[in-house]
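fold the following.
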Amino acid sequence: MQDFSTYKPILNNSRRMLLLASSILLAACTTSTAQVSNGKAATATTIAANAKSVSQLDLDDPQDFKDATRGLIASPENIQIPSIADPQEYVWDTKAYNFIQGEAPDSVNPSLWRQAKLNNIKGLFEFRPGIYQLRGFDLSNMTLIKGDTGWIVIDPLTSKETAKYAYNFAMTHLADRHPDMPTNISAVVFTHSHIDHFGGALGILSQEDIEKNNIPIIAPSGFMEEATSENILAGTAMLRRSSYMYGKNLPRNEYGHIDSGLGKGPAFGQFSIIEPNILVSKTPTNLNVDGVDFQFQYTPGSEAPAEFTFYLPEYKALSGAELVSRNMHNLYTLRGAKVRDALKWSNYIEEARTQFGEAEYYFASHHWPMWGKDSIQKFLKQQRDTYKFIHDQSLRRINKGMTPGEIAEDITLPPSLASEFSNREYYGTIKHNARAVYQNYIGWYDANPAHLDPLPDPQRASAYVKLAGGSSKVMKQAQTSYDEGNYRWAAEILNHLVFDDPSNMAARELLAKTYDQLGYQAESGPWRDSYLTGAKELREGTPDAGVEMSAMRDVFLQTPVSNFFDALSVRLKSEEANGLDTNLKVHFTDKNESYLLWIENSVLHYRLIDSTEATQEAVQTTLNLTHPLFVDLLIGKVAFKDILSSADSKIEGNQANLITFFSLFEAPDPSFAIVLPD
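Predicted structure coming up:
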């Protein structure tokens, strides 16, 4: 069992102030880098910046560690969960984070290090008798509520592998506490439409179980549409960017990934989804679920497009879902998504605070719980005001004519909010959230005509390098900026140099070293991971492969067919389709549904048709196949040539037309270049 006595304060106040003073003096004298085996040590500038960034924080405050360990029933020493697809690989490995102990190393912001230690705490916890949480088995939490006939599961994690492991671990240890309680699942609740809260569903029960036992699957209205569509049209780009945001390819050590702020990181395993049979679409919605009364608050368009919180009056317990978290959240997520409405989000928190004002216990989809009505009320007010402050003060500056960059540089939280750990920038940051407010109201254009039609990055980079007198002069200035600790400017000019000439390995290495330092200073886990992943790819090149879309197969099987035709539309090579007038009928034999697809003006169109609407003479080719085979074709599990010979498919009409038709679509690139030009 894990020894939680090791989670002691990081630095005492006197030593922290001494470190700050000595670091500033050191930075004033020199920025030379200490020699370490990997050549990635923190500079004196970074050490000083990190000490200064936490000088107003009480890192010795033990309350979070007390709350995070309270109610511990059992904690595995290490959790190593193998992948279903490749048993030699782990989708979850807590052993990799065992280095996160003691004081923060120079290469990690001490505040983020503290959050990483808290997120390292794992196990099965009794929140209240009858309510249990599994924390540290995935990015998110799984909560179990004792029902009359079985366990009510809240948010079954990201992957089938982690969900199965966590649930089985809980049942093993809860058998002693509830010897007469069966281990079956009596209901499932999805709090919102992000995959780390539903992706493991088929790891703990099957569709047959649901139908046979009439198991309620409860979710907010719009859940299926949002959960399945988000990963379709821009899914490849989101997955590629997620590898930056979550440091997927970084080593787990003090120079690499340590935490995402929201949790350790997502489990990149096999994802799944179950269609809800009960939808919540208004506030309040009261349901009795296996003998437990739930009061739901419907909060669409907050942290997720489809989301709710709920209150358990019997327990006086509020589940904040992801409406509130023990960090500043994202109004814009770095992986890429539609921006979130800060004002709406803030208003929902206020509604929850007043609607469930009698709550004496708080738990959520991430992090650790909270006890005490006064503490909960204070927490909700601070979360409410964090998002409203960013909203209001960003708009105040927008109306003064300030640009997104100027606003991000100017806006800071007031001390009453900034001093609270639950508002710190472990996940979202005030800088990129302020930009999100600008985007939400004003859009990408800052009204400066010079920015209306700028040159593409490679052309602009070459022009700047030429203007500066050539690469050697740019390199010299970049080195000076790096030595002075002016890393943001060094990154700016080195990025031009690399995009002008990606074969300039000296420039790439200096930019990588610059990103190292920016990453070491970041309090935000995603910012750190983004900088350090950029550094890794500058040194090693763009990875050969990205995240496999085949991991999403179970989700895609529950996705409306029309979503895939939308996805096919954005794969069309329009330049090759110019002037073509062709069509294709796709008939799904297992669904008895037919769609007519046609290309017109280099655009793919589709519509659902009945069996008599389009005659064989009007349709050039008909492809008969099963829905699973079609999904396997789109995710690359089967090749197009295999379709032609598969027993699950049949072609009618012009086979050459079918080959031509599908040749017009390109597969997306799951590992496209980011810090290097294509």
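
quick check: closest non-adjacent residue to Asn433.
What sits nearest to Asn433 in space, not counting adjacent residues and going by Cβ to Cβ, 6 or more residues apart in numbering, is Leu331, at 4.2 Å. C-beta: built from backbone N, CA, C; applies to glycine.

mind checking pLDDT for the one you found?
According to the model's per-residue confidence, Leu331 sits at a pLDDT of 97.

likewise Thr30?
On the pLDDT scale, Thr30 is placed at 33.

flag every buried residue along the strand or helix carrying Tyr520.
Taking DSSP states H and E as the definition, one finds Tyr520 inside helix 505-521. Judged by neighbour count (16 or more other Cβ atoms under 10 Å), helix 505-521 contains these buried residues: 507-508, 510-521.

could you do stretch 373-389 as well?
Counting neighbours by 16+ other Cβ under 10 Å, the buried set in stretch 373-389 is Ile376, Phe379, Leu380, Gln382, Gln383, Arg384, Asp385, Thr386, Tyr387, Lys388, Phe389.

can you tell me which of these are in helices?
The subset of the buried residues of stretch 373-389 located in helices under the criterion DSSP state H comprises Ile376, Phe379, Leu380, Gln382, Gln383, Arg384, Asp385, Thr386, Tyr387, Lys388, Phe389.

return the closest of the residues you listed with respect to Asn423.
Nearest to Asn423, judged by Cβ to Cβ, of these is Thr386 at 5.0 Å.

for that closest one, which non-adjacent residue is closest in space?
Once flanking residues are discounted, Thr386 sits nearest to Asn423: 5.0 Å by Cβ to Cβ, 6+ apart.

just the pLDDT for Gly636.
Confidence for Gly636, expressed as pLDDT, is 82.

mind listing what it touches?
Gly636 makes contacts with Met549, Ser550, Ala667, as judged by Cβ atoms under 8 Å, 6 or more residues apart in numbering.

ok, it to Phe99 distance?
In this view, Gly636 and Phe99 are 36 Å apart by Cβ to Cβ, to the nearest Å.

for the residue lying closest to Ile376 once chain neighbours are set aside, which three-state class applies?
Among residues not flanking Ile376 along the chain, Tyr362 sits closest, at 4.8 Å (Cβ to Cβ, 6+ apart). Remark: Tyr362 carries the secondary structure label strand [criterion: DSSP: H, G, I helix; E, B strand; the rest coil].

which residues of this structure score low on pLDDT?
Low-confidence regions of the chain, defined here as pLDDT under 70, cover residues 1-39, 546-547, 611-617.

about what we covered before: quick one: contacts for the residue nearest to Asn433?
Residues in contact with Leu331 (Cβ under 8 Å, 6+ apart) are Val339, Arg340, Ala342, Trp345, Tyr387, Ile390, Gly428, His432, Asn433, Ala436, Val437, Asn440.

wait, isn't Ala74 in contact with Phe125?
No: counting by Cβ atoms under 8 Å, no contact exists between Ala74 and Phe125, whose distance comes to 9.1 Å.

the two: who's more crowded?
Comparing Ala74 with Phe125 by neighbour count (other Cβ atoms under 10 Å), the higher total belongs to Phe125, at 25 against 14.

for the buried residues of stretch 373-389, which one is nearest Asn657?
Compare each of the buried residues of stretch 373-389 with Asn657 using Cβ to Cβ and the shortest gap goes to Tyr387, at 53.7 Å.

which ones are touching that closest one?
Leu331, Ala342, Leu343, Trp345, Ser346, Ile349.

switch these over to CSV; also include secondary structure and distance to Tyr487.
Output for these, formatted as CSV (DSSP: H, G, I helix; E, B strand; the rest coil; distance: Cβ to Cβ, whole Å):
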residue, secondary structure, distance to Tyr487
Leu331, coil, 25
Ala342, helix, 29
Leu343, helix, 34
Trp345, helix, 32
Ser346, helix, 33
Ile349, helix, 35
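
just the buried members of the residues you listed?
With burial judged by 16+ other Cβ under 10 Å, the buried subset of the contacts of Tyr387 is Leu331, Ala342, Trp345, Ser346, Ile349.

what about stretch 103-111, distance to the chain center?
23 Å (Cα atoms, centre = their mean, to the nearest Å).

okay, buried residues for that stretch please.
Neighbour count says stretch 103-111 has Glu103, Ala104, Pro105, Asp106, Ser107, Val108, Asn109, Pro110, Ser111 buried, by 16+ other Cβ under 10 Å.

surely the fourth one is in contact with Gln521?
No: under the contact definition of Cβ under 8 Å, Asp106 does not touch Gln521, with a separation of 10.6 Å.
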